[in-house]
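Asks: Build me a structure from this.
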Amino acid sequence: MGRRVVITGIGVYSPIGIGKDRFLEALRKGENGVSFITLFDVSDYPVKIGAEVKDFNPLAYLDKKDVKRMDRFCQFALCAAYQAMEDSHIRLEVEDRDRIGVCVGSGIGGISTIEREHKILLEKGPRRVSPFLIPMLIIDIASGLIAIRFGVKGPNTACVTACASGAHAIGDAFEIIKRGDADLMIAGGVEAAITPLGFAGFCSAKALSLRNDPRSASRPFDLKRDGFVMGEGAGIVILEELNHARSRGAHIYAEIIGYGMSGDAYHITAPDPTGSGAYRAMKEAISSAGLKKEEVDYINAHGTSTRLNDKCETRAIKLVFGEHAYRIPISSTKSMIGHLLGAAGAVELIACCMMLEYRFIHPTINYEYFDPECDLDYVPNKRRDVEINIALSNSLGFGGHNASLIIKRYKDG
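Replies: As a prediction, this is how the structure comes out:
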């Protein structure tokens with residue numbers, strides 16, 4: 001069975017709030033984090049809206065020199081890691097730092113650095129390109145910098161599976177602790193790709209909603225959905241072996257009990273229309289958790305608000321759960337925060353932790369029109385104050401990467 005793994009710290013930078021308390025409040029209220037883009041001029045773009053992290057101040061944890069030498073995605077990652085470490089009340093001075101590792105994922109990494117330095121190359125020549133270009137843009141640098149900051153020398157890795165990166169990072173960190181290679185892991189996902197080039201790429205791929213109404217553009221499972229809203233942010237959690245957490249009296253948000261992963265082998269961006277990839281990831285997660293399918297009482301859907309994803313994910317849920325699918329409440333955090341790409345799975349798992357701890361289910365906002373191909377219970381527009389004990393969270397990425405995580409309410413014993 002392996003060792004038990006629990007979540008003991010949370011750090012979050014999201015379009016609906018910075019820090020777990022603000023994030024929780026926004027989830028409970030069903031707040032909308034989508035707005036018009038402010039990070040750059042979008043006059044020439046067909047899409048004008050996104051889900052930016054508002055009031056981000058990297059100097060809350062980093063000094064000015066650090067900020068100049070880090071891409072925005074790394075600033076998010078470091079700040080969220082500081083939050084999570086503070087929340088966990090880990091005393092590093094008494095810990096074996098060789099038994100503490102890091103696994104943080106991102107889908108795109110330091111794209112703003114690439115854009116800026118490429119402009120310098122073209123205008124001023126190769127000698128003016130920053131010597132920090134490479135360490136600022138590479139995706140694994142987030143994990144590396146977190147380890148350096150906290151002096152932790154256990155397993156250190158990074159996941160790059162597009163929109164499933166954050167979920168895979170947490171799942172892989174879970175497995176590292178479970179098999180005994182570490183006692184504590186700093187894990188999660190991060191993304192900061194709302195940049196001129198990154199945004200243009202998603203526009204050209206016709207993946208984004210053209211609605212240009214921040215109040216209603218992100219509308220998962222709704223008949224009139226027309227694409228996702230691009231977001232940014234970071235979610236970092238502290239995963240800890242259960243006895244280690246108990247020995248120091250840590251607060252436990254939830255226990256991770258299941259992890260499943262699969263590949264579609266179908267298309268570079270579109271999901272397998274049969275839903276078989278998501279089906280296999282969920283089945284594997286349920287099997288690894290040792291659960292009966294009827295024991296899952298909430299699903300946090302990938303729920304992007306695209307025509308194909310929502311239909312295919314609904315189909316996959318029905319394949320896994322059969323008639324029970326119609327009795328499981330399902331909601332999409334992306335209706336509020338947009339699609340955080342590589343950070344999505346981590347931030348959405350944090351949302352699941354909040355819902356287990358505070359006994360509610362956040363709504364899928366902007367749901368207006370019933371789609372007969374999406375006919376499950378998506379908790380439309382209004383939260384439910386109910387207790388859930390076992391939550392499954394899906395993350396499905398470009399390239400056919402699928403991950404499902406299962407957490408349960410922790411009970412001593």
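Asks: Can you show me the helices along the chain?
Replies: 20-29, 64-68, 72-88, 111-124, 133-137, 141-150, 165-178, 196-204, 242-247, 276-289, 307-321, 334-337, 344-358 (DSSP state H).
Asks: most neighbours per residue, which of those helices?
Replies: helix 334-337 (a mean of 30; mean count of other C-beta atoms under 10 Å). No exception for glycine: its C-beta is placed from N, CA and C like everyone else's.
Asks: That helix: how far from the chain's middle?
Replies: Chain-centre distance of helix 334-337: 12 Å, with C-alpha atoms, centre = their mean, to the nearest Å.
Asks: Over to stretch 10-21?
Replies: Distance, centroid of stretch 10-21 to centroid of chain: 12 Å (C-alpha atoms, centre = their mean).
Asks: got the buried residues for it?
Replies: For stretch 10-21, a neighbour-count test (16 or more other C-beta atoms under 10 Å) marks 10-20 as buried.
Asks: Tell me which two of the residues you listed sit farthest apart.
Replies: Ile10 and Pro15 (16.8 Å; C-beta to C-beta).
Asks: Nearest to Ala391 among the helices of the chain would be which one?
Replies: helix 344-358 (4.3 Å).
Asks: between the closest one and helix 20-29, how big is the angle?
Replies: Angle, helix 344-358 to helix 20-29, by axes from the mean of the first three to the mean of the last three C-alpha atoms, to 10 degrees: 80 degrees.
Asks: Give the rounded mean pLDDT of helix 344-358.
Replies: The average pLDDT within helix 344-358 is 98.
Asks: One more: stretch 131-139?
Replies: 98.
Asks: what about it, start to end distance?
Replies: 17 Å (C-alpha to C-alpha, to the nearest Å).
Asks: where are the low-confidence patches of this structure?
Replies: By pLDDT under 70, the low-scoring segments of the chain are 1, 413.
Asks: try 80 this time
Replies: Along the chain, the model assigns pLDDT under 80 to residues 1, 412-413.
Asks: tell me the domain ranges of the protein?
Replies: Using automatic domain parsing, the domain parsing of the chain gives 7-247, 255-408.
Asks: Rebuild the helices of the chain as a markdown table, extending it with distance to Gly101.
Replies: As requested, the helices of the chain are exported to a markdown table (distance: least, C-beta to C-beta, whole Å):
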| stretch | distance to Gly101 |
| --- | --- |
| helix 20-29 | 22 |
| helix 64-68 | 22 |
| helix 72-88 | 13 |
| helix 111-124 | 26 |
| helix 133-137 | 20 |
| helix 141-150 | 8 |
| helix 165-178 | 6 |
| helix 196-204 | 29 |
| helix 242-247 | 13 |
| helix 276-289 | 21 |
| helix 307-321 | 31 |
| helix 334-337 | 27 |
| helix 344-358 | 16 |
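Asks: Quick one, which of those gets closest to Ile328.
Replies: Closest among these, using C-beta to C-beta: helix 307-321, at 6.4 Å.
Asks: Residues touching the closest one, excluding its own?
Replies: If you take C-beta atoms under 8 Å, 6 or more residues apart in numbering as the criterion, helix 307-321 is touched by 220-221, 225-226, 270-279, 282-283, 286, 293, 296, 299, 301-304, 325, 328, 330, 371, 373-376, 394, 396.
Asks: Strands - which of those residues land there?
Replies: Per DSSP state E, strands hold the following members of the contacts of helix 307-321: 299, 330, 394, 396.
Asks: residues contacting the second one?
Replies: Ile330 makes contact with 298-301, 303, 317, 364, 376-379, according to C-beta under 8 Å, 6+ apart.
Asks: Okay, and the beta partners of it?
Replies: Ile299 (DSSP bridges).
Asks: Please tell me how far it sits from Asp310.
Replies: Taking C-beta to C-beta, to the nearest Å as the measure, Ile330 falls 10 Å from Asp310.
Asks: does Thr269 really touch Phe398, like I thought?
Replies: Yes. Between Thr269 and Phe398 a contact is recorded at 5.0 Å, counting by C-beta atoms under 8 Å.
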